[in-house]
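Chemist: got a predicted structure here, sequence first:
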Amino acid sequence: MKDEIQTIPDGNLVSLDKYLAAGVHIGTQRKMKDMLLYIYKIRPDGLSILDIGLIDKKLGEASDYIAKHPSAKVVVVCARDAGKKAADKFAEVTGANSYTTRYMPGTFTNPEYKGFREPALLIAVDPAGDKQAITEACSNNVPVLALCDTNNMTQNIDFVLPVNNKGKKSLALVFWVLAREVLLKRGKLKSADDFKVPLEEFEDISEVQPQ
C-alpha cells in the first residue's frame, strides 16, 4: 500500500518500491511498548506502519552481526509456516542450520539428545512462536536475533530486527537481503550483483497470503 509514503537514505539495501511491494513495513493493530520506536505512523484503522528507513538500517546491522559468527554455528528457527521456505533457503545459501519443523525441547540444553546442538547465534522468525528455542538459547548465553513485528515482546532478544514477520513476501525479502549481505560481509561475494539466487527461491508460493 502506498498511502504510507516514506523515504529511505541513499545507499539503501533495496529500493523503497521493493520494500513496499513486499509489505515489510506492515505491522499489526497491537503495539507493544518495546516496538514503539520502530513505528512510523498509525493508520486510521489502527494498523501500525513500521519505519522503512529503520528496517533498512537494521537489516544492514543484522547482517554484520550474523556475519561475525561461524556459519555452521548459526541456527535459524521458524515455527511460522509463512517463513519456513525463506528460513531454509537462507540457511542453505549461508551455511547455517535451520529448524522449520517442530523444534524439539532440549535441542540446545540436553547433551544426551541425539539432535543436541551448541549454536553461537540463534535467529528467530517470531519471538512468540519460537519461544522454546529462545528460552534454551538464553539459558546457555547464546545471543538471539529476532524478527519482531509491532505485537512482539522483546525480552531475551539481543538484536531486534523490526519487520513484518507474518507475510510470505516480507519474510522472503528479509531473508534474501540478509543472505546476500552476510555473504558480502564474509567476503564470499565481491559485489551485490554477484548474488545470483533469485528472490523467488525464498518465497513460498504454494498459496496466496494477503499482506
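Modeler: In hand now; what should we look at?
Chemist: for the most centrally placed residue in the chain, which non-adjacent residue is closest in space?
Modeler: Among the residues of the chain, the one closest to the centroid is residue 147, at 4.2 Å (CA atoms, centre = their mean). Excluding its sequence neighbours, the residue lying closest to residue 147 (CB to CB, 6 or more residues apart in numbering) is residue 165, at 4.2 Å. Using the backbone N, CA and C atoms, a C-beta is placed for each residue, glycine as well.
Chemist: verify the stated contact: the one you found with residue 130.
Modeler: No. Judged on CB atoms under 8 Å, residue 165 makes no contact with residue 130 at a distance of 10.1 Å.
Chemist: and the two? Which one has more around it.
Modeler: residue 165 (28 against 25; other CB atoms under 10 Å).
Chemist: could you look up the SS state of the more buried one?
Modeler: coil (DSSP: H, G, I helix; E, B strand; the rest coil).
Chemist: backbone dihedrals for it, please?
Modeler: In terms of degrees, to the nearest 10, the main-chain angles of residue 165 are phi -100, psi 20.
Chemist: show me the contacts for it.
Modeler: 80, 83, 125, 126, 147, 148, 149, 152, 171 (CB atoms under 8 Å, 6 or more residues apart in numbering).
Chemist: and the helix or strand containing residue 182, how far out from the chain's middle?
Modeler: Per DSSP states H and E, residue 182 falls inside helix 168-185. Centre-to-centre, helix 168-185 and its host chain are 8 Å apart (CA atoms, centre = their mean, to the nearest Å).
Chemist: wait, residue 12 sits on residue 59?
Modeler: No. Using CB under 8 Å, residue 12 makes no contact with residue 59, being 9.3 Å away.
Chemist: quick one, which of these two is more surrounded?
Modeler: Each of residue 12 and residue 59 has its neighbours counted (other CB under 10 Å); residue 59 has more, 23 against 18.
Chemist: check contacts around the more buried one.
Modeler: Residue 59 neighbours (CB under 8 Å, 6+ apart): 13, 161, 174, 177, 178, 181.
Chemist: quick check: it vs residue 24, distance?
Modeler: Using CB to CB, to the nearest Å, residue 59 is found at 9 Å from residue 24.
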